[in-house]
Every structure is written in C-alpha cells, then in structure tokens.
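>>> Sequence first, then the predicted structure:
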Amino acid sequence: MHPENDPARLLAELLRLARTAKPDQTQEALARILGKERSTVSKAEQGRIPAYEVLIEWLTQCEVTGLAHAAIMGVYRLAKNAEDPKAAQVAPWFEAEARGHTLRYWQPNVVPGILQSERYCYEVMRAGGKTHEQAKDEVAARMQRQERVLRRQDAPTVVAVLDEIVLRRLIGTHEIMAEQCEKLRDSSENPCVLLTVVRIGANPGLGGAISLASVEGEADTLLLGTLLEDKVTQEAAQVRQASATFERVRALSGNIIDSRAIFSEAIQTWQGRTGA
C-alpha cells in the first residue's frame with residue numbers, strides 16, 4: 001500500500017524525514033538520546049507505530065514544531081485509530097496531560113498511573129490481561145510519561161485524591177505495595193503534587209475514576225475510566241459535573257500532612273507482612 005493510503009507508513013516516512021533533517025542524526029544517535037535500542041527507531045521508520053511518549057520525545061529532539069508538529073500528530077492519531085481504535089480514543093488525554101498546567105486525579109481503585117511505581121504498574125497491567133511483553137512496554141511508556149509530565153520545566157500542579165482502600169488492596173506482593181506506598185509518600189513531598197487520602201467509606205466518587213487536565217486557553221479535558229473503556233471528552237456539561245464530583249470528594253479527604261502519615265502507616269503495615 002502506498003504511504004499516502006497507509007497512515008502508519010506515512011508516519012514512518014515523516015519521522016525519518018524529521019530525523020534526517022538534522023545533520024548526522026543517525027538512527028543510533030537518536031535512539032541513544034531517546035534512551036532506547038536502535039531497533040526502536042528503525043522499526044518506527046519501517047512502519048511500526050511508536051509509543052506516544054517516544055513520539056513526543058522524537059519530535060522534541062528533532063526540533064519539530066508548529067504546523068509540522070501538528071500534522072505529524074494528526075497522522076499519528078490516524079495510524080493509532082487504524083491499529084487500535086480504543087488506544088486512539090485516549091490519545092487526546094495524554095496530549096492534554098502533557099501540556100496541562102493543572103492536573104486532577106481521583107482514584108477509588110488503584111494508584112493513578114502518573115504516580116505508580118514500575119513493579120506496581122506491571123502487576124496492574126498483568127491483572128488487566130496484558131502479556132509479559134505488553135506489560136513491560138506499558139510500564140516503560142508510563143515511566144516516560146511520568147518523567148515527561150512531572151519533571152518538565154513548567155511542571156503542572158498535580159492534585160490527586162485516593163480512596164484509602166487503594167493503599168490496602170494487594171497488587172502483586174506485600175513488598176511491591178510497600179514500595180508503592182513509599183513512592184506516594186515521597187511524591188507528596190513534591191511541592192507541585194497535592195496528594196490526599198479519603199478515609200470515609202461512602203463518598204461521591206465511588207462511580208469511577210476521574211482525570212481532568214486544564215490547558216491554558218482551552219476547554220478542560222476529561223478522562224473517565226469505566227469497566228469497558230476509557231472515555232475522553234471536553235463536553236462542557238460532563239466536565240462540569242466531573243469537576244464538581246472531584247471537588248466534593250477532595251473536600252472529604254484529609255490534609256496533606258495527615259495523608260502523608262497514612263502513607264507511612266501503610267508502608268509499615270506492608271513491610272510487616274513482608275517479613276511474616
């Protein structure tokens with residue numbers, strides 16, 4: 001099929017052109033900058049659609065901006081939609097999350113992806129039906145996502161609220177849970193991360209996870225996690241309702257200091273079970 005009729009092949013050609021536009025930018029050199037194997041770059045230029053985080057870093061390192069950046073992102077969405085319609089539906093969320101100045105997360109079931117440890121993330125992926133290799137790829141992509149969002153120069157304000165049951169639910173092993181709770185406690189020390197815990201059993205957020213991204217000059221983007229699929233929307237009424245639910249749940253959570261003590265308590269509990 002000609003590249004013009006195949007978005008994956010067209011994306012591959014555009015990425016190759018972006019790379020070769022910089023003098024001496026070999027596949028190996030770009031792979032080294034991306035922190036990947038050379039095969040990641042070569043496969044992407046042969047038609048394998050790269051992970052979103054890899055794509056973003058690729059365009060950044062190749063200094064692709066403006067209209068060219070928008071065009072390549074458009075082709076990427078077309079390629080992902082052809083390959084995996086469900087993944088394509090969520091792509092707008094990751095774009096908004098990467099550019100947002102304020103990110104809000106409510107999670108009644110598991111730790112939000114943006115704050116997961118590697119081993120916890122792997123166990124979540126495996127529980128969701130991913131193969132070992134798929135889970136490894138998802139973990140790598142999620143860790144890059146965390147780096148891209150939380151460590152960027154203009155880091156966003158992250159407001160995350162967890163149901164306490166998230167800290168008590170065994171995901172993987174006791175050691176993995178202790179490690180995850182340590183990451184949450186450490187994250188709560190970051191001045192850009194406002195992380196609190198809800199200890200009340202019944203609360204307005206039991207209907208499901210909520211993620212909201214606020215980008216300067218744009219409507220807020222909402223990601224709703226459901227049993228069957230994730231939904232991304234900027235529809236005003238739904239965003240307003242989700243935002244109100246988030247704020248009601250947040251109002252029931254403890255303060256940052258008390259929540260940090262809850263993380264420390266959970267760490268001790270899981271560490272105690274590890275030695276049992």
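Nice, thanks for sending it over.
>>> Now the helix or strand encompassing residue 97: average pLDDT?
Using DSSP states H and E, residue 97 falls within helix 85-99. The predicted model assigns helix 85-99 a mean pLDDT of 78.
>>> same check, this time on stretch 41-48
The model assigns stretch 41-48 a mean pLDDT of 94.
>>> what does that stretch rub up against?
The set of residues external to stretch 41-48 that reach it, using CB atoms under 8 Å, 6 or more residues apart in numbering, is 6, 8-9, 11-13, 15-16, 19, 27-28, 30-31, 34, 50, 54, 58. All C-beta atoms are positioned from the backbone trio N, CA, C, and that covers glycine.
>>> ok, of those, which come out buried?
Neighbour counting over the contacts of stretch 41-48 (16 or more other CB atoms under 10 Å) leaves 6, 8-9, 11-12, 15-16, 19, 27, 30-31, 34, 50, 54, 58 as the buried ones.
>>> just the strands in the stretch 1-150 of the chain please.
102-107 (DSSP state E, counting those that start in this stretch).
>>> ok so, going back, the helix holding residue 97 to strand 102-107, inter-axis angle?
Relative orientation of helix 85-99 and strand 102-107, computed by axes from the mean of the first three to the mean of the last three CA atoms, to 10 degrees: 130 degrees.
>>> Using CSV, write out the CA atom coordinates for helix 85-99.
This file holds the C-alpha atoms of helix 85-99, laid out as CSV (Å, rounded to 0.1, in the frame of the first residue of the first chain):
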residue,chain,number,x,y,z
PRO,A,85,-9.4,2.3,18.0
LYS,A,86,-9.5,2.2,21.8
ALA,A,87,-6.0,3.5,22.2
ALA,A,88,-6.7,6.2,19.8
GLN,A,89,-9.7,7.4,21.8
VAL,A,90,-7.4,8.0,24.8
ALA,A,91,-4.6,9.8,22.9
PRO,A,92,-6.2,13.3,23.3
TRP,A,93,-6.0,12.8,27.1
PHE,A,94,-2.3,12.2,27.0
GLU,A,95,-1.8,15.2,24.8
ALA,A,96,-3.7,17.4,27.3
GLU,A,97,-1.9,15.9,30.3
ALA,A,98,1.5,16.6,28.7
ARG,A,99,0.5,20.3,28.2
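>>> For it, which helices and strands make contact with it?
Packing partners of helix 85-99 (3 or more CB pairs under 8 Å, 6 or more residues apart in numbering; DSSP states H and E): helix 52-61, helix 66-83, helix 132-150, strand 210-214, strand 221-225, strand 230-233.
>>> Run the chain-centre distance for the second one.
Meaning helix 66-83. In terms of CA atoms, centre = their mean, to the nearest Å, the centre of helix 66-83 is set 19 Å apart from its chain centre.
>>> and if you look at the fourth one?
What separates the centre of strand 210-214 from the centre of its chain is 12 Å, taken as CA atoms, centre = their mean.
>>> What of the third one?
Shown here is helix 132-150, whose average C-alpha point lies 8 Å from the average C-alpha point of the whole chain (CA atoms, centre = their mean).
>>> residues making contact with it?
51-54, 56-57, 94, 97-98, 103, 113-116, 118, 121-122, 125-126, 130, 155-156, 158, 190, 192-193.
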